[in-house]
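A.B. asks: show me how the following folds:
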Amino acid sequence: MDRIKDFLLLILLVASLFACSIDEAQPLAHKKLVIASDFLYPKDAKFFAELSKTEKVAIEIIHMRADSIQYRLKKDGFNTNIDLVFVQSLLGIKALENQSFQPVQNGFSDGELSELKQIRNNWFLVGKDPFVISYLKDSLDKPSSYRELSSDYLWTSPDLASVEVFKAHVRYQFQKKQGNNQKELKDWLRGLKDHRIAYQEGTDSTASTQLLLLKYSTYFKNKLLTQMKKRKVIFPKQLYFDYFAIAVVPQAKNYAMTKSFLLFWNEKANSSKFLQHFGMTALGRIKKGKGFYISPEEILALLSKRN
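C.D. replies: Down below sits the predicted model:
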């Protein structure tokens with residue numbers, strides 16, 4: 001009888017241990033975070049390995065253009081499998097301006113997202129992307145400001161779409177900072193257009209000698225440019241920025257994980273080592289009631305007016 005009891009106890013012990021192992025592994029099978037992004041690719045999930053390990057969550061990245069994300073969310077409605085949208089520009093926010101996103105601020109304690117900045121339609125700005133000027137070290141002369149591109153230098157850009165954000169900064173500067181001088185503004189923008197030349201792609205010598213106006217992230221991700229030892233980058237004293245931004249999809253299936261992602265990013269928001277993976281710079285601490293040198297909200301409003 002004692003042997004039978006011992007055998008039964010052994011079976012119960014093994015069964016309970018097996019059940020525990022299933023419970024512990026279960027989150028790995030079910031916890032998932034799906035990110036739709038116009039600049040991240042599936043392989044970039046490796047940059048969030050720390051979060052994946054800590055939260056025991058699988059991170060899936062779907063790469064698509066901002067307008068495709070808009071179409072997908074509208075088509076799928078609350079049945080979408082996308083939890084987060086992550087875009088590389090205010091232009092992405094503009095493309096998704098008719099899409100509603102989940103308000104999440106109330107789900108956090110005061111200060112938990114202190115390194116991020118919430119703007120219209122429940123977007124969070126998570127990093128800056130400065131407009132830089134890139135030139136060859138052997139050049140006899142080089143510009144020190146954006147303004148010189150409209151009068152003294154021929155320039156081009158590998159990403160002309162982003163130049164619209166740059167021009168919105170110019171319009172803001174003249175309309176808000178310089179007494180709404182429309183004539184000078186038109187001269188500035190006309191000169192910028194007249195001095196732009198066609199961008200030459202490839203590995204030929206022409207491509208390597210052009211003066212470029214581009215976002216730092218574009219430069220950072222272009223191996224042809226970064227591997228050229230003679231090519232340098234200028235950060236003008238009066239910098240214009242684009243912004244990376246995140247929004248939570250309404251009724252996200254993995255809402256708890258979207259909160260974990262935002263907390264994770266807030267923790268990494270000032271880590272140059274982490275941000276350099278994406279070619280972005282830190283937002284910097286923003287005091288309540290104060291914005292940037294040029295408000296991203298104002299730039300977004302100017303972009304919307306261009307429709």
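A.B. asks: quick one: the strands in the stretch 201-307 of the chain, in order.
C.D. replies: Listed in chain order, the strands of the stretch 201-307 of the chain (DSSP state E, counting those that start in this stretch) span residues 212-215, 231-234, 241-248.
A.B. asks: list the buried ones in the first one?
C.D. replies: What that stands for is strand 212-215. Of the residues in strand 212-215, 212, 213, 214, 215 count as buried by neighbour count, 16 or more other CB atoms under 10 Å. Every residue, glycine included, has its C-beta placed from N, CA and C.
A.B. asks: need these in JSON lines (columns: distance to residue 184 and pLDDT).
C.D. replies: Written out in JSON lines, the entries for those read as follows (distance: CB to CB, whole Å; pLDDT from 0 to 100):
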{"residue": "212", "distance to residue 184": "25", "pLDDT": "94"}
{"residue": "213", "distance to residue 184": "20", "pLDDT": "96"}
{"residue": "214", "distance to residue 184": "25", "pLDDT": "96"}
{"residue": "215", "distance to residue 184": "25", "pLDDT": "96"}
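A.B. asks: got the residues you listed as TSV, with distance to residue 172 columns?
C.D. replies: Converted to TSV, these look like this (distance: CB to CB, whole Å):
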residue	distance to residue 172
212	23
213	17
214	20
215	17
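A.B. asks: out of these, which comes closest to residue 97?
C.D. replies: Distance ranking of the buried residues of strand 212-215 against residue 97, using CB to CB, places residue 215 first at 20.8 Å.
A.B. asks: residue contacts, that closest one?
C.D. replies: Residue 215 sits next to 129, 130, 131, 132, 159, 162, 242, 279 when contact means CB atoms under 8 Å, 6 or more residues apart in numbering.
A.B. asks: which one (most neighbours) among the residues you listed?
C.D. replies: Counting neighbours by other CB atoms under 10 Å, the top entry in these is residue 242, with 28 neighbours.
A.B. asks: wait, it sits on residue 90?
C.D. replies: Yes: at 5.9 Å, residue 242 counts as touching residue 90 under the criterion of CB atoms under 8 Å.
A.B. asks: domains in this structure, as residue ranges please.
C.D. replies: Taking automatic domain parsing as the domain assignment, the ranges for the chain are 7-128+242-292, 130-241.
A.B. asks: residue 298 is nearest to which of those domains?
C.D. replies: Closest among these, once you apply CB to CB, is domain 130-241, at 5.5 Å.
A.B. asks: tell me which helix or strand residue 86 sits in.
C.D. replies: Applying DSSP states H and E as the criterion places residue 86 in strand 84-87.
A.B. asks: CA atoms only for that strand, dumped as PDB, please.
C.D. replies: What follows is the C-alpha trace of strand 84-87 in PDB, where atoms were taken according to Å, rounded to 0.1, in the frame of the first residue of the first chain:
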ATOM      1  CA  LEU A  84       2.000  50.300 -32.800                       C
ATOM      2  CA  VAL A  85       2.800  52.700 -35.600                       C
ATOM      3  CA  PHE A  86       6.300  54.000 -35.800                       C
ATOM      4  CA  VAL A  87       7.200  56.700 -38.400                       C
END
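A.B. asks: after it, which helix or strand is next?
C.D. replies: Along the chain past strand 84-87, the next helix or strand (assigned with DSSP H and E) turns out to be helix 90-95.
A.B. asks: how about residue 113, what does it touch?
C.D. replies: Counting by CB under 8 Å, 6+ apart, the residues that residue 113 touches are 105, 124, 262, 263, 266.
A.B. asks: nearest to residue 94, of these?
C.D. replies: Residue 94 lies nearest to residue 124 out of the contacts of residue 113, by CB to CB, at 16.0 Å.
A.B. asks: with just CA atoms, put the host helix or strand of residue 54 into PDB.
C.D. replies: Secondary structure assignment for residue 54, by DSSP H and E: helix 49-55. The C-alpha coordinates for helix 49-55 follow below in PDB (Å, rounded to 0.1, in the frame of the first residue of the first chain):
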ATOM      1  CA  ALA A  49      16.100  42.200 -27.700                       C
ATOM      2  CA  GLU A  50      16.400  43.600 -24.200                       C
ATOM      3  CA  LEU A  51      12.600  44.300 -24.100                       C
ATOM      4  CA  SER A  52      11.800  41.000 -25.700                       C
ATOM      5  CA  LYS A  53      13.800  39.200 -23.000                       C
ATOM      6  CA  THR A  54      12.500  41.200 -20.100                       C
ATOM      7  CA  GLU A  55       8.800  41.000 -21.100                       C
END
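A.B. asks: hang on, residue 174 in a helix?
C.D. replies: Yes: the assignment for residue 174 (DSSP: H, G, I helix; E, B strand; the rest coil) places it in a helix.
A.B. asks: roughly how far apart are it and residue 300?
C.D. replies: The spacing between residue 174 and residue 300, counted by CB to CB, to the nearest Å, is 18 Å.
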